[in-house]
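Chemist: Just the structure for this:
(2 chains)
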Amino acid sequence: MTDLLTVNFAEHWVVDPVAELAGVASVSIVAGKIASVTWRDGEAAARACWTAGANPGPSDPTVALLPALIDLHAHFRQPGANASEDVESGTRAAAHGGYGTVALMPNTEPAADTVETLRAAIAGERHGVRLLPIAAATVGRAGTQVSNVGALVKAGAVAVSDDGSPIADRVVFRAALLAAAAAGIPLMEHCEEPSLTAGSEAADGLVASRLGLRPWPAAGELRAVESAIAVLRDVVLSAAPARLHLTHLSTAAALAAVRSAQGEGLPLTCDVAPHHIALTDGWIAGDRRWAWEVASGDERLAPTADAFDANLRVCPPLRAAVDAAACREALRNGTALAIGTDHAPHSREKKEVEFGLAANGIAGIETSLSVAIAAHRAGELSMATIVAALTTGPAHLLGADLVGVTPGASASLVQVDLAVSWRPSRETLHGRSTNTPLIGRELPGVVLLTVLEGRLAYQR
Amino acid sequence: MVTQSTSAQEHSRRHLLDVAGLDWRSLQALLASAEKMQRLLDSRAGGSNALRGVGVTTLFYEPSTRTRISFEAAATALGARVTTFSVATSSVGKGESLMDTVRTLEALRNHVIVLRHERAGAPWLAARHFGGSIVNAGDGWHAHPTQALLDLSVLSRHLGDRNGSLAGRRIAIVGDLLHSRVVRSNLHTLTTAGATVMLTGPASLTTGFAEHAASFRNSSGSVQLVGSIDEALSGADAVMALRIQRERLTPGELDSLEAYRSAWGLTSVRLAELAPHALVLHPGPMNEGVEIDPDVADGPRSLVLEQVRAGIPMRMAVLAQVVSEPRTHD
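Modeler: From the prediction side, this is the model:
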């Protein structure tokens, strides 16, 4: 473990989503604690700047200082698939990505449905990163019998989920929602109607049709979302303090359904993944434009040499530009409270295969901040929106402690240079698996330093 | 490895993965080359040694008769060393991946792999791991480039203008569009050649094709999806029936084969409505009495056997093109 850090961050672009302040500030760290935060233009200006979106102007410093990020959805594959990732490699990747806290999904082998497996899932060298285990909602993630949620929460589970698959049986889903409510934690649901999506390869639409890929209909997500909301409504009527979180939503229709249910006052939240806000299914044909650069009717459909990259196979699948736009709008209007990476590392054996035979998932924890910054630089998302979606949003869902850039607090910060770029590669990525379609892509935003609990967790 | 040997350096990494993206000039060049190949086949020599020393392997993960034999005949006619890779008796049965298989074939001095695979995009994966050329002989529902090219050569011969263009011509394609790599590739070649393509078939087997058809709005020709076979056949210069791919159907996609024939089959009664010059195509293998009646398949309008024959010279043209520096030892 490294020593407690003493350092002075002079004149940085500081964004503190906890205190809701942003602007040019100098932050000094002494022996791991934030000793002082001096807002150059005063706190009132910093508050106004936060409200205006926390966006740096052209003459402002280009190096930003943010609270260390929180991921509410990642897979470190421990136990069971350590060839793809484990706690040591996953936390090293997380620190490189600017993350200080990571919630781990329970679809390990075996599933994290017992206290023993839950503990095994977070054991090992963590590079200072805090790990929050999510327990399986049902035994073996089989969707038939609800786990012992009370015991799992006592052992540290912050949520339950059968991520990777939905709890298809609605009776079991209801029971899991009630069990999570009784234990005071949210149920995080992967929304997919399996009868509509079995065997599918890419989102239903023009790209899938042109590329001859088996279609995954948008209804496969919407049906599951609607049904989950209907059950939640029943449960809430019976006065249970339930909380339902729908993870990695990807369609405009599903997000609209969530927004409408939130309008009713239902205790419902959701997140979106970086690849769903920034990529489109056109990437499968080899079109490498960001989602916000693609206009409807302007798709590039003839497959290039880069087409059918299995690193683009993910569940839910990449979709059309309009869906990606809806995911960004959900972040702007608060329908989605977080960007969850759905970091899903896979070994080469599982990815260097035919597109339709590849394992689903993108390793994204090292690139999510850069992807968010790319959306910010394109004018799509304000700095305040991306920082909140990567810190306070997920903290709120998981009940995780989050200190901002607060004098007296132990320092957990990420220093990121917004003006320089980098290229993900086998050399620059720290995780064990490099299954990302962003390999070789120039990405804005270089993490210079990740400080966790006053100690250096990553330094460029 | 091929890439380390001198002979391999004579081979560029050119592939034929798709016809999407090939412009009219490239198509014309292939049509012209196929004509030359036909003349070569008709000559006393019956072929050449243009591909002497070139290893061509047909790697078929799906059953095939005409495509495979046609490629092997084409490669043989150009003097290539032809290997038939039998997936059933190979290490593929022991779980060898496509990536390892193409690397192994490269190490065994194969320069061209003709790949047929049940998954869309498999040839792109193979091309990323193979130092030689990949020729796509059909990938899942996605593409069947050489079928589309040979269909174009046949249509262009019968219906094309002096330059082979199909501008002003109407081609109807009827049947199971959803699972058809033949239609997906034909849409590219026919519209690039200037044709108007009328698509039709049962709603369950044409899902997504309204938008798909509209996506050809910037090409020379155009594509329209219509709801009935009568509308599709109206004014058609040629009609292509697609095979009902029983092995790819999921329950509910088709009620019965008899119902299909009565709604969508090419019967002599339906064809009587066509213009006298109108032609009939089928990529084969045919389900006679389902999508096409036997008397139509064998009738005077039918180009079915001509399509099969056109396969060899067109595949010779393709092989000669991907092997960019043909060795001239003859």
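
Chemist: so which strand or helix has B:Glu231?
Modeler: helix B:229-233 (DSSP states H and E).

Chemist: which residues are in contact with that helix?
Modeler: Defining contact as Cβ atoms under 8 Å, 6 or more residues apart in numbering or on different chains, one finds that helix B:229-233 is touched by B:172-174, B:198-200, B:226, B:239, B:263-264, B:270, B:273-274. The C-beta positions use only the backbone N, C-alpha and C, and glycine is treated the same way.

Chemist: mind listing the helices in the stretch 201-350 of chain A by residue range?
Modeler: A:206-211, A:219-237, A:252-263, A:274-278, A:282-285, A:321-333, A:348-351 (DSSP state H, counting those that start in this stretch).

Chemist: Also the stretch 151-300 of chain B?
Modeler: Under DSSP H, counting those that start in this stretch, the stretch 151-300 of chain B gives helices at B:181-192, B:209-214, B:229-233, B:257-264, B:268-271, B:294-297.

Chemist: Of the ones you listed, which is nearest A:Ala419?
Modeler: helix B:209-214 (40.8 Å; Cβ to Cβ).

Chemist: need the residues of chain B near chain A, please.
Modeler: For chain B, the residues in contact with chain A (Cβ under 8 Å from any Cβ of the partner chain) are B:17-18, B:20-21, B:97-99, B:117, B:119-122, B:124-125, B:127-129, B:139-143, B:181, B:184, B:207-209, B:211-212, B:215.

Chemist: if you look at these, which of them are in helices?
Modeler: Assigned to helices by DSSP state H, the following of the residues of chain B next to chain A qualify: B:98-99, B:122, B:124-125, B:127-128, B:181, B:184, B:209, B:211-212.

Chemist: Make JSON lines out of those and add distance to A:Asn82 and neighbour count.
Modeler: Formatted as JSON lines, those follow (distance: Cβ to Cβ, whole Å; neighbours: other Cβ atoms under 10 Å in any protein chain shown):
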{"residue": "B:Leu98", "distance to A:Asn82": "26", "neighbour count": "22"}
{"residue": "B:Met99", "distance to A:Asn82": "23", "neighbour count": "18"}
{"residue": "B:Ala122", "distance to A:Asn82": "29", "neighbour count": "28"}
{"residue": "B:Trp124", "distance to A:Asn82": "30", "neighbour count": "26"}
{"residue": "B:Leu125", "distance to A:Asn82": "26", "neighbour count": "28"}
{"residue": "B:Ala127", "distance to A:Asn82": "32", "neighbour count": "24"}
{"residue": "B:Arg128", "distance to A:Asn82": "27", "neighbour count": "15"}
{"residue": "B:Arg181", "distance to A:Asn82": "40", "neighbour count": "22"}
{"residue": "B:Arg184", "distance to A:Asn82": "41", "neighbour count": "26"}
{"residue": "B:Phe209", "distance to A:Asn82": "45", "neighbour count": "22"}
{"residue": "B:Glu211", "distance to A:Asn82": "44", "neighbour count": "13"}
{"residue": "B:His212", "distance to A:Asn82": "43", "neighbour count": "24"}
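
Chemist: between these, which is nearest B:Asp42?
Modeler: B:Arg181 (30.3 Å).

Chemist: close enough to count as contact, the closest one and B:His142?
Modeler: Yes: B:Arg181 is within contact range of B:His142, at 5.4 Å (criterion: Cβ atoms under 8 Å).

Chemist: any shared contact partners between those two?
Modeler: A:Gly212.

Chemist: List only buried entries from the contacts of helix B:229-233.
Modeler: Among those, those scoring as buried are B:172-174, B:198-200, B:226, B:239, B:264, B:270, B:274 (criterion: 16 or more other Cβ atoms under 10 Å in any protein chain shown).

Chemist: Specify which member of these is nearest to A:Ala45.
Modeler: Distances from A:Ala45 to the buried ones among the contacts of helix B:229-233, taken by Cβ to Cβ, are shortest for B:Leu199, at 62.2 Å.

Chemist: So which of the helices of the stretch 201-350 of chain A is the most surrounded?
Modeler: Among these, helix A:274-278 has the highest mean neighbour count (mean count of other Cβ atoms under 10 Å in any protein chain shown), at a mean of 28.

Chemist: Enumerate every residue touching residue 274.
Modeler: In the absence of a named chain, chain A is used. A:Pro274 touches A:339, A:341, A:364, A:367-368, A:371-372, counting by Cβ under 8 Å, 6+ apart.

Chemist: Wait, chain B was what I had in mind.
Modeler: Taking Cβ under 8 Å, 6+ apart as the contact definition, B:Leu274 lies against B:233, B:236, B:239, B:301.

Chemist: buried sites along the helix or strand B:Leu105 falls within?
Modeler: Using DSSP H and E, B:Leu105 sits in helix B:98-107. Buried residues in helix B:98-107, counted by 16+ other Cβ under 10 Å: B:98-99, B:101-103, B:105-106.

Chemist: want to throw these into JSON lines with pLDDT?
Modeler: Listed next are these as JSON lines, based on pLDDT from 0 to 100:
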{"residue": "B:Leu98", "pLDDT": "94"}
{"residue": "B:Met99", "pLDDT": "94"}
{"residue": "B:Thr101", "pLDDT": "94"}
{"residue": "B:Val102", "pLDDT": "96"}
{"residue": "B:Arg103", "pLDDT": "95"}
{"residue": "B:Leu105", "pLDDT": "95"}
{"residue": "B:Glu106", "pLDDT": "95"}
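
Chemist: Return the closest of those residues with respect to chain A.
Modeler: B:Met99 (5.3 Å; Cβ to the nearest Cβ).

Chemist: and the nearest residue to that closest one once chain neighbours are set aside, what is it in contact with?
Modeler: Spatially, and ignoring its direct neighbours in sequence, B:Met99 is nearest to B:His129 (4.8 Å; Cβ to Cβ, 6 or more residues apart in numbering or on different chains). Each residue near B:His129 by Cβ under 8 Å, 6+ apart is listed here: A:352, B:99, B:102-103.

Chemist: Would you mind measuring from B:His129 to A:Glu201?
Modeler: Between B:His129 and A:Glu201 the distance is 20 Å, computed by Cβ to Cβ, to the nearest Å.
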